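Engineer: need the 3D shape of this:
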Amino acid sequence: MSTGDQARAAILSRIRGALGVTGRERTRETAVEDRLSRHPRGTIPARALGGRAALLQMMTAMLESQGAEVTKVGTPEEAVKAIEADLGAHGLPHELRLGSDPALVALPWSSASSLQLRSGRAAPQDRAGLSRAVAAAAETGTLFLASGVDNPTTLAFLPEVHFILVGAADVVGSYEEGFDRLRAMHGEGGLPRTVNLISGPSRTADIEQTIVRGAHGPKRLHVVILG
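Structural biologist: Below is the predicted model:
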């Protein structure tokens with residue numbers, strides 16, 4: 001154990017001693033078990049309680065306000081063509097990395113004949129990646145990406161541009177509803193190892209308060225809402 005770890009352990013030990021905490025208090029365990037089983041709601045903002053059209057409009061506005069590009073399409077073919085058109089408009093190779101998500105694999109890729117698909121985890125040389133969001137919270141314009149072979153986490157961090165496909169029916173009002181959907185998909189206590197919440201392209205203003213894109217991930221985020 002390093003010196004830092006030893007110091008941290010000593011501080012936490014003193015705090016536990018002052019609070020009389022041993023880690024075996026049934027009252028505390030019961031409180032935790034109750035919270036995990038009930039999934040209590042936080043305060044839901046009024047803007048997250050609108051109808052379907054209002055939620056889609058808010059989702060788009062929130063994403064765009066955070067630097068993302070949004071395209072609404074009515075058919076899978078239009079979704080594929082939107083991705084192809086974006087790569088062409090930005091002078092990027094017509095190469096796209098994606099996982100094995102059935103919803104993505106089933107898209108009519110033949111309608112975008114110039115696209116070359118690559119499967120699996122993203123590699124450092126990949127310029128564009130595609131993921132599917134299993135849900136989206138309109139209250140903040142946040143997309144829920146569940147990790148796994150279907151949608152490798154590397155797709156959200158390595159490529160220069162990240163495309164995310166989300167179904168219009170999967171746009172909900174609040175975070176709570178988004179996690180409800182995740183639990184319904186994966187079962188109680190069976191969430192994936194990582195759930196990435198994405199609301200815009202990577203950016204930071206750490207240096208001289210100047211916005212820099214791509215510091216921690218893709219420079220561009222293009223969300224395609226299908227439905």
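
Engineer: quick one: least confident helix or strand in this protein?
Structural biologist: strand 212-213 (a mean of 61; mean pLDDT, DSSP states H and E).

Engineer: alpha carbons of the very next helix or strand once past it, as PDB, please.
Structural biologist: Next along the chain after strand 212-213, taking DSSP states H and E as the criterion, comes strand 220-226. The C-alpha coordinates for strand 220-226 follow below in PDB (Å, rounded to 0.1, in the frame of the first residue of the first chain):
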ATOM      1  CA  ARG A 220     -18.100  16.200 -33.500                       C
ATOM      2  CA  LEU A 221     -21.300  14.400 -32.400                       C
ATOM      3  CA  HIS A 222     -24.000  13.800 -34.900                       C
ATOM      4  CA  VAL A 223     -27.300  12.400 -33.500                       C
ATOM      5  CA  VAL A 224     -29.700  10.800 -35.900                       C
ATOM      6  CA  ILE A 225     -33.200  10.500 -34.500                       C
ATOM      7  CA  LEU A 226     -35.200   7.800 -36.400                       C
END
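
Engineer: how far does strand 220-226 sit from its chain's centre?
Structural biologist: 12 Å (C-alpha atoms, centre = their mean, to the nearest Å).

Engineer: can you list the strands that it pairs with?
Structural biologist: strand 69-73 (parallel), strand 161-167 (parallel) (DSSP bridges).

Engineer: CSV for these, including mean pLDDT?
Structural biologist: Shown next, in CSV, are the strands paired with strand 220-226 (pLDDT from 0 to 100):
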stretch, mean pLDDT
strand 69-73, 98
strand 161-167, 98
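
Engineer: identify whichever of these lies nearest to E188.
Structural biologist: strand 161-167 (23.4 Å; C-beta to C-beta). Heads up, the C-betas are built off the backbone N, CA and C, glycines and all.

Engineer: buried stuff in that closest one?
Structural biologist: Buried residues in strand 161-167, defined by neighbour count with 16 or more other C-beta atoms under 10 Å: 161-166.

Engineer: so which of those comes closest to A137?
Structural biologist: The closest of those to A137 turns out to be V166 (C-beta to C-beta; 10.9 Å).

Engineer: contacts only, for that closest one.
Structural biologist: For V166, the contact set (C-beta atoms under 8 Å, 6 or more residues apart in numbering) comprises 132-133, 135-136, 143, 223-226.

Engineer: most neighbours out of the residues you listed, which is it?
Structural biologist: For the contacts of V166, the largest number of neighbours (other C-beta atoms under 10 Å) sits with A136, at 31 neighbours.

Engineer: for G187, give its distance to S131.
Structural biologist: Using C-beta to C-beta, to the nearest Å, we find G187 at a distance of 22 Å from S131.

Engineer: quick one, which of those two is more surrounded?
Structural biologist: S131 (30 against 9).

Engineer: mind pulling up the pLDDT for the more buried one?
Structural biologist: For S131, the model assigns a pLDDT of 98.

Engineer: also D34?
Structural biologist: 79.

Engineer: that one: what's it in contact with?
Structural biologist: Counting by C-beta under 8 Å, 6+ apart, D34 makes contact with nothing.

Engineer: which SS class is it?
Structural biologist: Reduced to three states with DSSP: H, G, I helix; E, B strand; the rest coil, the structure at D34 is helix.
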